[in-house]
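Trainee: below: sequence and its predicted model.
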Amino acid sequence: MKMHTIDRTISELASVVAQETGLETAQVTILAPKAGVDADLCFPCFALAGTLKKSPGEIATDLASKLQGKLPDTIAKAEAAGPYLNFKYNWPVFANFVFGEVADDATYGYSDTGKGKTVVVDLSAPNIAKPFSVGHLRSTVIGDALVRHFRAQGCTVIGDNHLGDWGTTFGKMIVALRHWGDRAAIEKSSDPVSELTKLYVRFQSEVGSKDNKKNRHKGLPAQGEVPAELEATEEQLDVTSPLMIEARDAALALEQDSPEEIALWKWFIELSLKMFEKIYHQLGVKFDEQLGESAYRTLIPETIEWLKDSGILKTEPDGSIVVPLPDMDVRDRHDNAFETPLMVLKTNSGTVYETRDLACALYREKRWQPAKIIYVVGSEQSSYFDKLFVGLKLAGLKADLVHTEFGMVLMMNPASEKWEKMSTRQGRVVLLEDLLSQAVAKAREVLDDPERHLHIDEGSKDEIARIIGIGAIKFNDLGQARQRDVRFDWDAMLSLNGYSGPYLQYMAVRAKSVLSKAPATGKPDVSTLGDKEWPLIELVARFPQVIARVCDRYEPHHMAQYLYELASAFGSYYDGTRIIDPETSPELQNTRLHLVQAVGTVLEEGLQLLGIETPEKM
RNA sequence: GCGCCCGUAGCUCAGUGGAUAGAGUAUUUGCUUGCGGAGCAAAGGGUCGCUGGUUCGAGUCCAGCCGGGCGCGCCA
């Protein structure tokens, strides 16, 4: 198995420390010291005090002398600093290995730890006939970054855009179109999808709410006195209203392949896909599969059989079929009992989201035998996924199931002065199209600024502005931990400075610019380097660990943070050190150019892993 | 009511049970005869929501409160 210098160093250190202390190698944790500490790696000795009956300080001193002569080639010395055993790199040796790795390999940082494993990433998943929301943008951007990172670990990755193209929604759409719609007018409209959305919204408000279920525990008034902002949300629909019954029947007709309903459904899809493709093109995101929920409907009978054979199905008195989780003594990942069953078939024997997700998982298992299926879906669905995963495990699915949940996008409500969910009805909403085009326009403004005297020809400005603007938006999302709710802020979203995509792109472009004036040649001579360069070498060496960490925790923001640290260190170095300088020795200049190349490579590669492109100039 | 997520600088956020809690932004001040200033250097700014507990050691783990968000069968 391929092992990078930094991992090899740490594992060799752990092994010699283990030998001297009697610990298992796995128990020895070699850490990176805090910033400001004069050491490169360390081993805290506190935990040994009990078993060795000595103070941590004594242990550290003892170990420092015992390890003399047994240290890895990349470590120059071990010394005690209070209760810590600190290690310092043998920089020239360490740097030589790192330079070798960056140069010899077109894919520095990649590993083969995931070789032979298939990972399915379920991402993006916009809904047909609805706007492409900012929430789906999050899923797209985070999912795409995960796809790329797992690929870098050697996994076979299937990025699957699980389109929301089936279900009762389409019954609602069909009913709405029949009652209030005009097909020809929609076709002619400049934005057909938003016309469809209007029909959907009208359906929701016509049906209205029944018992204001959502607020039943909060002591708010019931129907008739419901505050306007709580009206007609998805959860409050009166499921017994005539329109709802008509919609469920239309959805059932669709499931039974009724030609009229199928034709309308196909038309909705056609209109929506046109819009989606435009967005994906602009974002630079591609999928390996784009199977919507509808793709799994032929598998429904087989799925029901599968569940039945596992003996976990139960028919309820109302005729619906469920997996009765509360009766089965199963627990969710937090060890909580379930309160409601997993719905499999509705009273009218139609399918629900759950049915199609069960079928989908079965399909994926059969087709790819994945080691993991990763669902990149908002955190509001986490208890749903708890149920689904338990159902799938009960039925015998082998793959590890992971819900990489992310927070929702909140907007400031000026009335309440609180961060709240976006609301179309209150006009407190940001359309994705506006977001993307404003970001690109802002980048373009900078490119057109005459004071910057950039040497960029007009013809390539559009593409560069797209790369920068989209980079800003993607980084804004990927730069922070995904679990948190995102507070939408135009300034932060469009920021081109500081902790931002364009800053990283800018540093990568600067590195390229230096190299275009003086390319690195031959081999670096690390004996010429000094204290100014070692921190950059150390950062470059850490890159493989960061990729592993992102995959380990499904958290792309670790890559974002690392790249910022690297870019920032390079920025300082660049400012304080003249790289192309006739007064430095040719060996030193050339070695520095190799360093610039290594930094540039990692920046560009790291951005690539986040799905962010690097322009040639900016 | 039950469950999950979140609470760290004015604002937006990082933070592997380990050494003096860090960035961006905003504010203030410097830096360009130079490889690109979308930059660099520096200053000020903290009761890590509160109270207990576990631990040699807690922003991090546990419990209970407080505050915000989300969810709790035939929507997706």
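Mentor: Okay, I see it.
Trainee: can you give me the neighbour number for residue A:488?
Mentor: 19 (other Cβ atoms under 10 Å). Every C-beta, even on glycine, is put in place using the N, C-alpha and C of the backbone.
Trainee: how far away is the closest residue to residue A:38 other than its chain neighbours from residue A:43?
Mentor: Among residues not flanking residue A:38 along the chain, residue A:86 sits closest, at 7.6 Å (Cβ to Cβ, 6 or more residues apart in numbering). According to Cβ to Cβ, to the nearest Å, residue A:86 and residue A:43 sit 8 Å apart.
Trainee: what does residue A:549 give?
Mentor: 20 Å.
Trainee: where does residue A:237 land on pLDDT?
Mentor: What the model reports for residue A:237 is a pLDDT of 62.
Trainee: hmm, residue A:388 and residue A:357 touching each other?
Mentor: Yes: counting by Cβ atoms under 8 Å, residue A:388 is a contact partner of residue A:357 at 5.6 Å.
Trainee: still on that earlier bit, neighbour-wise, which of residue A:86 and residue A:43 wins?
Mentor: residue A:43 (23 against 20).
Trainee: hmm, who's touching the helix or strand that one falls within?
Mentor: Secondary structure from DSSP states H and E places residue A:43 in strand A:41-44. Applying Cβ atoms under 8 Å, 6 or more residues apart in numbering, the contact partners of strand A:41-44 are A:9-10, A:13, A:17, A:28-33, A:56, A:63, A:75, A:81, A:83-87, A:89.
Trainee: could you redo the last one with a cut-off of 7 Å?
Mentor: A:10, A:13, A:17, A:28, A:30-33, A:83-87 (Cβ atoms under 7 Å, 6 or more residues apart in numbering).
Trainee: so residue A:40 makes contact with residue A:88?
Mentor: Yes: assessed by Cβ atoms under 7 Å, residue A:40 is found in contact with residue A:88 at 5.4 Å.
Trainee: ok, the two, which is more surrounded?
Mentor: Taking other Cβ under 10 Å, residue A:40 and residue A:88 do not tie; residue A:40 has more neighbours (21 against 16).
Trainee: beta-bridge partners for the residue nearest to the more buried one when sequence neighbours are not counted, please?
Mentor: Residue nearest to residue A:40 in three dimensions, not counting chain neighbours: residue A:89, with 4.7 Å by Cβ to Cβ, 6+ apart. The bridge-partner assignment for residue A:89, based on DSSP bridges, gives residue A:75.
Trainee: contacting residues for residue A:89?
Mentor: Residue A:89 neighbours (Cβ under 7 Å, 6+ apart): A:40, A:74-76.
Trainee: residue A:297: which of the contacts of strand A:41-44 is nearest?
Mentor: Nearest to residue A:297 among the contacts of strand A:41-44: residue A:10, at 50.5 Å, using Cβ to Cβ.
Trainee: now do residue A:132 against RNA strand B, distance only.
Mentor: 13 Å (Cβ to the nearest atom of the strand, to the nearest Å).
Trainee: can you report how many residues lie near that residue?
Mentor: Neighbours around residue A:132, by other Cβ under 10 Å: 21.
Trainee: sec struct for it, please.
Mentor: Three-state assignment for residue A:132 (DSSP: H, G, I helix; E, B strand; the rest coil): coil.
Trainee: I figured it hits residue A:125, correct?
Mentor: No: the criterion here is Cβ under 7 Å, and residue A:132 misses it with residue A:125 at 10.6 Å.
Trainee: just the closest residue of the stretch 151-300 of chain A to RNA strand B, please.
Mentor: residue A:167 (2.0 Å; Cβ to the nearest atom of the strand).
Trainee: which residues are in contact with that residue?
Mentor: A:251, A:293, A:353 are the contacts of residue A:167 under Cβ under 7 Å, 6+ apart.
Trainee: now, among those residues, which is nearest to residue A:523?
Mentor: residue A:293 (55.4 Å).
Trainee: now the closest one, nearest residue through space, not along the chain?
Mentor: residue A:166 (4.0 Å).
Trainee: the one you found against residue A:291, yeah?
Mentor: No: assessed by Cβ under 7 Å, residue A:166 is found out of contact with residue A:291, at 11.1 Å.
Trainee: so which bits of the stretch 351-500 of chain A are right by RNA strand B?
Mentor: Neighbours of RNA strand B within the stretch 351-500 of chain A, by Cβ under 7 Å from any atom of the strand: A:352-353, A:379-384, A:407-408, A:410, A:418-421, A:443, A:446-447, A:452, A:454, A:468, A:479-481, A:483-487, A:489, A:492, A:495-500.
Trainee: try 6 Å
Mentor: Taking Cβ under 6 Å from any atom of the strand as the measure of proximity, the stretch 351-500 of chain A contacts RNA strand B at A:352-353, A:379-384, A:407-408, A:418, A:421, A:443, A:446-447, A:452, A:454, A:468, A:480-481, A:483-487, A:492, A:496-499.
Trainee: now the buried members of those.
Mentor: A:352-353, A:379, A:407-408, A:443, A:447, A:468, A:480, A:486, A:492, A:496, A:499 (16 or more other Cβ atoms under 10 Å).
Trainee: what's the most distant pair in these?
Mentor: A:352 and A:447, at 49.3 Å, using Cβ to Cβ across those.
Trainee: would you map the helices across the stretch 201-350 of chain A?
Mentor: A:242-255, A:259-283, A:300-309 (DSSP state H, counting those that start in this stretch).
Trainee: helices or strands up against the first one?
Mentor: Using 3 or more Cβ pairs under 7 Å, 6 or more residues apart in numbering; DSSP states H and E, the elements in contact with helix A:242-255 are helix A:168-180, helix A:192-207, helix A:259-283.
Trainee: please apply the same query to the second one.
Mentor: The helices and strands touching helix A:259-283, judged by 3+ Cβ pairs under 7 Å, 6+ apart, are helix A:168-180, helix A:192-207, helix A:242-255, helix A:458-478.
Trainee: do stretch A:8-15 and RNA strand B meet at all?
Mentor: No: Stretch A:8-15 is not in contact with RNA strand B by Cβ under 6 Å from any atom of the strand; minimum separation 10.7 Å.
Trainee: oh, that last question was meant for stretch A:88-103, not what I typed.
Mentor: No: using Cβ under 6 Å from any atom of the strand, stretch A:88-103 stays clear of RNA strand B, with a minimum separation of 11.1 Å.
Trainee: only C-alpha atoms, please: export that stretch in CSV.
Mentor: C-alpha atoms of stretch A:88-103 as CSV (Å, rounded to 0.1, in the frame of the first residue of the first chain):
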residue,chain,number,x,y,z
LYS,A,88,11.7,17.8,15.0
TYR,A,89,12.0,16.9,11.4
ASN,A,90,15.2,16.4,9.7
TRP,A,91,14.1,19.0,7.2
PRO,A,92,16.4,18.3,4.2
VAL,A,93,15.6,14.5,4.3
PHE,A,94,11.9,15.1,4.9
ALA,A,95,11.8,17.8,2.2
ASN,A,96,13.5,15.5,-0.3
PHE,A,97,10.9,12.8,0.1
VAL,A,98,8.1,15.4,-0.2
PHE,A,99,9.5,16.9,-3.4
GLY,A,100,9.8,13.4,-4.8
GLU,A,101,6.2,12.6,-4.1
VAL,A,102,4.9,15.8,-5.6
ALA,A,103,7.0,15.5,-8.7
